[in-house]
Every structure is written in C-alpha cells, then in structure tokens.
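**Q** below is the sequence, then the predicted model.
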Amino acid sequence: MFSSLSLIFLFIAAFIGTVTYAAPVSNDACQAKFDNRDTCRIGVMADFSCLISTLNLAETNLASCNSGSIFWSYPSNTLKVTFKTLFTQKRQPFSIRLDTEEIMLAVSRVCQVSPEASFELQPVGNIIIAKSDSNYEVVLKFEAPPRWKFYGRNINYIVVPN
C-alpha cells in the first residue's frame with residue numbers, strides 16, 4: 001500500500017508543517033537585521049516570528065544619503081522604519097518621497113507614525129510623501145501579509161527639504 005520511501009516523505013512533510021505552524025509569534029517589537037550593501041543601499045531581514053520589526057536608519061549608511069534603497073528580504077508582517085537624515089541632525093523639516101511601484105506589490109499599506117498621530121498614507125500616482133514630525137524624523141510602517149509572497153522588494157526613497 002505505502003512504500004517506506006513515501007512514508008518517510010509523508011513524515012518529513014508533516015514534521016516541517018508542524019514546525020512552521022508551531023513557531024511562536026512575538027507581539028513585541030524586534031530589531032531588524034541589516035547589512036550595508038553600498039553607500040546608499042542596505043539589505044534588511046526581519047525575524048518571521050515578530051509581528052513588528054524595527055529599523056533605525058541612523059544606524060546604517062543611509063543616514064547621510066539624499067536618496068536610498070532598502071531591500072526588504074522576505075517581506076512579511078510589519079517593518080517599522082525610522083528615517084533619520086542630515087536634516088534630523090540639523091533639526092530642519094524634510095519629507096520622504098517613496099517610489100511605491102515596487103514595494104506596493106509586497107505591502108498592503110504604508111502608515112506614518114508620529115508623536116501626534118498615526119495614519120495611512122495614500123499614494124498619488126506611484127509616489128507617497130511623508131513629512132517629518134516634531135522630532136525631525138519620519139517613521140513609516142510597511143504592513144505586509146503574515147506569509148511572504150516575494151523573495152524581496154526594494155523600498156526606494158528620496159529625501160527632500162521642506
């Protein structure tokens with residue numbers, strides 16, 4: 001009826017499925033891991049067990065860039081990115097212009113979080129503009145499905161003075 005080889009494959013598939021669904025999910029925010037790929041490009045990997053992973057660009061090569069690219073590997077759950085730029089250091093207002101053409105394939109929405117409020121940002125064409133808050137930074141949440149559908153997507157942006 002069943003060969004021993006097919007039983008082994010069935011056991012392995014059941015084990016992998018159990019481990020995948022039994023992985024604990026943390027409600028706490030986790031620090032995303034990043035690697036500086038170039039002066040104004042980084043790669044980001046978030047832990048799949050975290051519902052929210054955070055990334056502070058002040059800790060990366062992107063802090064001194066007027067434009068940048070964040071490659072989000074296996075986008076899932078929420079990536080919360082804090083954009084701190086040269087304008088932040090000078091305490092000058094600025095905006096982040098996101099090119100949404102690629103990232104919106106992987107995320108369902110982009111929200112801005114500030115000390116005053118939190119709200120969803122709507123693209124105009126293929127652009128989302130987020131203005132800096134009272135702390136001279138922009139905090140954005142990229143909300144993706146809990147299971148990744150893509151190997152990765154770029155979050156491309158330009159820093160614009162206000």
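**A** Ah, there it is.

**Q** C-alpha only now, for contacts and for neighbours.
**A** Will do.

**Q** residues touching the residue nearest the centre of the chain, list them.
**A** Geometric centre of the chain, nearest residue: L79, 3.4 Å, by Cα atoms, centre = their mean. Contact partners of L79, counting by Cα atoms under 8 Å, 6 or more residues apart in numbering, are A32, A46, I52, S53, T54, L55, K141, F142, E143.

**Q** now, these that are in strands?
**A** Among the contacts of L79, the members falling in strands are I52, S53, T54, L55, K141, F142, E143 (criterion: DSSP state E).

**Q** circling back to that earlier point, would you turn the contacts of L79 into TSV with neighbour count and distance to R109?
**A** Shown next, in TSV, are the contacts of L79 (neighbours: other Cα atoms under 10 Å; distance: Cα to Cα, whole Å):
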residue	neighbour count	distance to R109
A32	19	19
A46	24	18
I52	23	14
S53	24	16
T54	20	16
L55	21	17
K141	23	8
F142	23	6
E143	21	5
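
**Q** and the ones in strands among the contacts of L79, which two are the farthest apart?
**A** With Cα to Cα as the measure, no two of the ones in strands among the contacts of L79 lie farther apart than L55 and E143, at 13.8 Å.

**Q** low-confidence stretches in the chain?
**A** Residues of the chain that meet the criterion pLDDT under 70 lie in 1-27.

**Q** let's see that with 80 instead.
**A** Along the chain, the model assigns pLDDT under 80 to residues 1-28.
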